[in-house]
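Asks: predicted model, plus sequence, below.
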Amino acid sequence: MRLETLPAQAAVAVALALAPSSLRAHSACDDPFPSADPAEVGVSSELLEDLRASVSDWVEAGDPVGAEVLVIKEGRTIFHETFGWKDRERGVPMEKHSIARIRSMTKPLVGTSLLMLREKGELALDDPVSKYIPAWDTGVCRDIRIEQLLTHTAGFKQPGYPGSQMAFANLRDLVDATGAAGPQMTPGEQYNYSDADTAALGCIVAELSGMPVENFIQKNLLDALGMTSSMCNLSSDDPRRPWVSSTYQTSGTAFQRYWDNTQAQSMPYFRASGGIYSTPMDYARFLDMWMQGGVREGERFLPESVVRDALRMTPLSASAGIGHAWHWQIPIGAGEASHDESESLPAFGHSGSDGTVAIAFPRERVMALYFTQSRNGKTLGSFMQLITNDRFNRFGERR
C-alpha cells in the first residue's frame with residue numbers, strides 16, 4: 001500500500017470539514033481507567049501539584065510545545081491534564097486524547113506480536129532469521145537468531161539500513177536489502193539499539209501470520225484491547241485526522257513544526273520500528289495488559305511466564321548502562337529484581353523519538369505517560385526523574 005500525499009486544498013478540507021465535537025477520538029463513555037481521588041489510592045495532592053507545576057513550567061519555557069500527562073494507579077486515573085499547544089501556529093491547544101505519533105513506542109507492539117505467534121508454536125526464539133526471510137541466508141546473516149533481534153544484539157547499528165527507508169517500496173524490500181548488506185558489528189557480542197532489528201521482526205510476523213504486520217497488530221492488539229484511537233497507518237480519509245497532534249523539532253533554540261495532520265504520513269508504508277499513532281489512554285491499555293501479566297479485562301494475550309521472561313533485563317544491555325529486555329526498556333535500578341521470581345514485575349516501558357514516553361511500575365500498580373510531540377526536547381528525562389525519585393516512583397508503596 002502506498003499512501004498518497006494530500007493535495008493542499010483536500011488536506012485543509014479534511015481537517016476543517018470534520019467537526020471535532022462529533023468526531024472525538026475518545027468517547028466519554030469509554031473510560032477504561034475511571035477517575036479517583038488520589039487520596040483513595042494513597043497519593044498526596046501535593047505530589048500531583050508538583051507534577052502539574054513542573055510540566056507547566058517546562059511548557060512555559062518553550063520545551064515542550066505541548067504535553068498530555070496521564071497517571072493511573074490501581075486501575076484508576078488520578079492525574080490527566082494537558083498543557084500548551086496541539087498546533088501552536090493554528091492556535092489549537094493540546095486536548096485530552098489527542099493522537100500522537102508514538103514512534104519507537106511501536107516496538108513493544110511488534111515484539112508482543114512475535115511472542116503471540118511463538119505461543120502458537122509458529123517459531124522458536126533460537127530460530128535463524130533466514131528460516132523466515134530467505135534474503136538473510138548469507139554468510140554475514142545466516143547465523144543471526146530471532147532472539148538477537150528481540151534483544152538488540154544482532155549487530156546492527158542505528159538505524160542499520162543500507163540506505164534511506166524512503167528508497168524502498170515496502171517493508172519487506174527494506175528488510176531484504178538490510179539482510180543482504182549485513183550487520184555493521186559482530187552479532188551476539190554487544191547491545192546496540194537498532195530500528196533494523198524491529199523491521200526484521202515485523203517481516204517475520206507477516207511471513208508467519210500471512211498478513212502484513214500492521215494488520216496483525218491492528219486485529220490482535222489494537223482492536224482486541226479496544227485501542228480505538230490508535231492506528232498503524234494514517235490514511236487520507238481517516239476521520240480521526242483532526243485529533244492527530246502536529247509534531248515539532250528543535251531548529252536552533254526554538255521548536256518548529258515539521259508535520260501536521262493535513263499531510264500524508266512520513267513513510268509510504270508501515271514503519272514497523274516506529275509507525276503507530278496512539279493516545280496516552282489507549283497506550284495505557286496495552287501497558288496495563290503487560291503489567292497484569294498478559295491479561296486485560298479477562299482476555300489473556302500472553303502467559304505470565306512469558307511476560308516475566310520478556311521483562312528480564314538482558315546482560316549485554318545492562319553492561320551498556322541502558323537496560324533493555326525483549327523489546328521493552330527497563331530503567332536501570334528498577335530492573336534489579338527482574339530475575340527474582342518471588343517479586344512482582346520490574347518497572348518497564350518505552351519512549352518515542354517525537355517526544356513520548358510510557359512507564360509502568362507493577363509493584364506499586366502505577367502507570368505514567370507523557371506525550372509531547374516535541375522531538376529532541378529535553379524534558380523526557382526530566383519527567384522520568386520526576387516520577388522515579390525515591391528509588392522506583394513517587395506514587396506510594398504497594399497496597
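Replies: Done, it's in. Numbering: from 1, shown residues only.
Asks: buried sites along stretch 116-130?
Replies: For stretch 116-130, a neighbour-count test (16 or more other C-beta atoms under 10 Å) marks M116, L117, R118, E122, L123, L125, P128, V129, S130 as buried. Yep, even glycine has a C-beta here, placed from its N, CA and C like the rest.
Asks: send me the helix or strand harbouring K107 as PDB with only the CA atoms.
Replies: Using DSSP states H and E, K107 sits within helix 107-119. Provided in PDB are the C-alpha atoms of helix 107-119 (Å, rounded to 0.1, in the frame of the first residue of the first chain):
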ATOM      1  CA  LYS A 107       8.500  -1.600  19.100                       C
ATOM      2  CA  PRO A 108       6.900  -3.300  22.100                       C
ATOM      3  CA  LEU A 109       3.700  -4.000  20.000                       C
ATOM      4  CA  VAL A 110       5.800  -5.600  17.300                       C
ATOM      5  CA  GLY A 111       7.700  -7.600  20.000                       C
ATOM      6  CA  THR A 112       4.400  -8.700  21.500                       C
ATOM      7  CA  SER A 113       3.000  -9.800  18.100                       C
ATOM      8  CA  LEU A 114       6.100 -12.000  17.700                       C
ATOM      9  CA  LEU A 115       5.600 -13.500  21.200                       C
ATOM     10  CA  MET A 116       2.000 -14.200  20.500                       C
ATOM     11  CA  LEU A 117       3.000 -16.200  17.400                       C
ATOM     12  CA  ARG A 118       5.600 -18.000  19.400                       C
ATOM     13  CA  GLU A 119       2.900 -19.100  21.900                       C
END
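Asks: C-terminal to that helix, what's the next element?
Replies: The helix or strand immediately downstream of helix 107-119 is helix 146-150, counting by DSSP H and E.
Asks: other SSEs contacting that following helix?
Replies: If you count contacts as 3 or more C-beta pairs under 8 Å, 6 or more residues apart in numbering; DSSP states H and E, helix 146-150 packs onto helix 107-119, helix 195-209.
Asks: run through who's touching it.
Replies: 111, 114, 123-129, 154-155, 187-188, 197-198, 200-201, 204, 326-327 (C-beta atoms under 8 Å, 6 or more residues apart in numbering).
Asks: still on that earlier bit, out of the helices and strands packed on helix 146-150, which is closest to S305?
Replies: Of all the helices and strands packed on helix 146-150, it is helix 107-119 that lies closest to S305, at 10.2 Å by C-beta to C-beta.
Asks: could you point out where this protein is predicted with low confidence?
Replies: Scanning the chain for pLDDT under 70 picks out the ranges 1-29, 333-343, 390-394, 396-399.
Asks: how about the helices in it?
Replies: With DSSP state H, the ranges of helices along the chain come out as 8-17, 45-60, 107-119, 146-150, 171-181, 195-209, 213-217, 280-291, 304-310, 315-319, 379-387.
Asks: need the contact partners of the second one.
Replies: Applying C-beta under 8 Å, 6+ apart, the set of residues contacting helix 45-60 from outside is 38-39, 64-67, 69, 71, 78-79, 81, 83-84, 370, 379, 382-383, 386-387, 394-395.
Asks: so which of the helices and strands packed on helix 146-150 is the most surrounded?
Replies: helix 195-209 (a mean of 25; mean count of other C-beta atoms under 10 Å).
Asks: any idea how far it is from the chain center?
Replies: Computed by C-alpha atoms, centre = their mean, to the nearest Å, the chain-centroid distance of helix 195-209 equals 16 Å.
Asks: can you pull the buried residues of the lengthiest strand in the chain?
Replies: Secondary structure of the chain per DSSP state E: the longest strand is strand 76-87. Of the residues in strand 76-87, R76, T77, I78, F79, H80, E81, T82, F83, G84, W85, K86, D87 count as buried by neighbour count, 16+ other C-beta under 10 Å.
Asks: tell me which residue lies nearest the centroid of this protein.
Replies: M105 (1.4 Å; C-alpha atoms, centre = their mean).
Asks: in this structure that one contacts S353, no?
Replies: No. Look at M105 against S353 with C-beta atoms under 8 Å: they stay out of range, at 9.4 Å.
Asks: between those two, which contacts overlap?
Replies: When C-beta under 8 Å, 6+ apart defines a contact, the residues bordering M105 and S353 alike are G274.
Asks: check contacts around the nearest residue to R142 once chain neighbours are set aside.
Replies: Spatial nearest neighbour of R142, excluding adjacent residues (C-beta to C-beta, 6 or more residues apart in numbering): S130 at 5.4 Å. S130 makes contacts with W136, D137, T138, C141, R142, I144, G179, as judged by C-beta under 8 Å, 6+ apart.
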